[in-house]
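K.L.:
Fold the following, please.
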Amino acid sequence: MSRIFISYRRDDSGAACGRIYEHLRNHFGRDNVFKDVDDIPYGTRFPDYLAQQLADCRVELVVIGRFWVTLKTPDGKRRRLDVSDDFVRTEIETGLRAGLVVVPLLVDNATMPRSNQFPASIRALAEFQGAQVRNDPDFATDIQRLIHQLERWLGGKPPDLPTAHALQAQMEKILEQISAVGDGDLRVQAEVTPDTLGVLADSCNYMIEELARVVSRIRESTFQVTSAAQRLLNINSAVERQTKMVENIAKAANERAQTAEGIASAMSTITETARQTNAAIRDANVGVTYLADQAEQLRKFVANFRVPDEVTQE
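P.N.:
Numbering: from 1, shown residues only. Model prediction:
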């Protein structure tokens, strides 16, 4: 018979809820903890099975993450809490009507919602004293505190504490299981047992997983930095090529400018020579015309010249 009912939203606190469920199941037994994903038989109508399970429970844990209040329906028009047939809302309504010990359980640094953020049918939830289960390094302390409180509500007694020798043996086993981490193997996992050190083993596994994520992010960042540096080198090489090209263009332009200056100077000399030649030709033409005029006048003079008779007779 289920004694503890866990109400949660997968989109809001699925990971945190899964971890809490594992610890509660290990401590109280699988049959005494209900979570929909693991406990609903195939082909079962969810609302009917839900009502049956809640009727058999003494405590209902309402797991609240940072987005529990604000998550919307698939069409994005309304909050899920505002939908009358929302399963989470139905679970809470049923638990309140049945007089269960309803415990708001805050995870992922969530804060307790204000009463005006709840629909009227579950507004009483704001009046219940909540509990908190934080992430590591506080997870072990918080989950143990929650377990002890649940034991009082359920009328059970805390399990017998292990002997010092047993604790030492369990510690050595955990250290042996995770020793490969020192060699860089972040795939190892310690065995999570239902006893006290199971919480420690789970915390070790969590830290190893977080370390693996950090290493992955460092590797990704290193790759990005290396890629960026290579791109900068490529850009610098391209800039050097462009600079060399500009220098060559400037050199060619300078040479062409010098050639153009030489051509301009030669053209100026040729122009001046042509001008002088033209002037000389004009002067020569004037001289030829003058000589032609003088020759014509001389011809006319000779033609008109008569020798005196006395000179002829002599």
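K.L.:
Who are the packing partners of whichever helix or strand residue 243 is part of?
P.N.:
Element membership for residue 243 (DSSP states H and E) is helix 196-304. If you count contacts as 3 or more CB pairs under 8 Å, 6 or more residues apart in numbering; DSSP states H and E, helix 196-304 packs onto helix 10-28, helix 139-154, helix 164-178. The way it works is simple: take the backbone N, C-alpha and C, and place the C-beta from them, glycine included.
K.L.:
Out of those helices, which is closest to residue 204?
P.N.:
Set against residue 204 and scored by CB to CB, the helices and strands packed on helix 196-304 come closest in helix 164-178, at 5.6 Å.
K.L.:
Now distance to residue 232 and mean pLDDT too, for the helices and strands packed on helix 196-304, in CSV please.
P.N.:
Shown next, in CSV, are those (distance: least, CB to CB, whole Å; pLDDT from 0 to 100):
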stretch, distance to residue 232, mean pLDDT
helix 10-28, 39, 91
helix 139-154, 43, 89
helix 164-178, 41, 68
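K.L.:
Could you identify which of those helices is most buried?
P.N.:
Most buried of these, by mean neighbour count (mean count of other CB atoms under 10 Å): helix 10-28, with a mean of 19.
K.L.:
and that one with helix 196-304, angle?
P.N.:
Per axes from the mean of the first three to the mean of the last three CA atoms, to 10 degrees, the angle that helix 10-28 makes with helix 196-304 is 150 degrees.
K.L.:
how far does helix 10-28 sit from the chain's center?
P.N.:
In this view, helix 10-28 has its centroid 29 Å away from the chain centroid, taken as CA atoms, centre = their mean, to the nearest Å.
K.L.:
Output the contacting helices and strands for that helix.
P.N.:
In terms of contacts (3+ CB pairs under 8 Å, 6+ apart), helix 10-28 is packed against strand 4-7, strand 33-34, strand 59-64, strand 101-107, helix 139-154, helix 196-304.
K.L.:
average pLDDT for stretch 183-199?
P.N.:
Stretch 183-199 shows a mean pLDDT of 67.
K.L.:
And for stretch 227-247?
P.N.:
78.
K.L.:
got a list of what the closest residue to residue 83 other than its chain neighbours touches?
P.N.:
In space, and not counting its chain neighbours, residue 83 is closest to residue 73: 6.3 Å by CB to CB, 6 or more residues apart in numbering. Each residue near residue 73 by CB atoms under 8 Å, 6 or more residues apart in numbering is listed here: 79-80, 83.
K.L.:
swap in residue 71?
P.N.:
9, 11-12, 79-80.
K.L.:
Could you dump the residues you listed into TSV and include distance to residue 64?
P.N.:
Output for the contacts of residue 71, formatted as TSV (distance: CB to CB, whole Å):
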residue	distance to residue 64
9	9
11	13
12	8
79	14
80	13
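K.L.:
and of these, the nearest to residue 254?
P.N.:
Of all these, residue 254 sits closest to residue 11, with 70.3 Å by CB to CB.
K.L.:
Kindly state the pLDDT recorded for the residue nearest to that closest one when sequence neighbours are not counted?
P.N.:
Nearest residue to residue 11, sequence neighbours excluded (CB to CB, 6+ apart): residue 71, at 5.9 Å. Here, the pLDDT recorded for residue 71 equals 94.
K.L.:
And for the one 4 residues further on?
P.N.:
Residue-level confidence at residue 75 comes out at 91, pLDDT.
K.L.:
What separation do you get for it and residue 98?
P.N.:
Look at residue 75 and residue 98: by CB to CB, to the nearest Å, they are 32 Å apart.
K.L.:
got it, and residue 16?
P.N.:
Distance from residue 16 to residue 98, by CB to CB: 25 Å.
K.L.:
out of residue 75 and residue 98, which sits in the busier spot?
P.N.:
Per other CB atoms under 10 Å, whichever of residue 75 and residue 98 has more neighbours is residue 98, with 16 against 6.
K.L.:
Give me the phi and psi angles of that one.
P.N.:
The phi/psi pair for residue 98 (degrees, to the nearest 10) reads phi -80, psi 0.
K.L.:
got the contact list for it?
P.N.:
Residue 98 neighbours (CB under 8 Å, 6+ apart): 54-55, 57.
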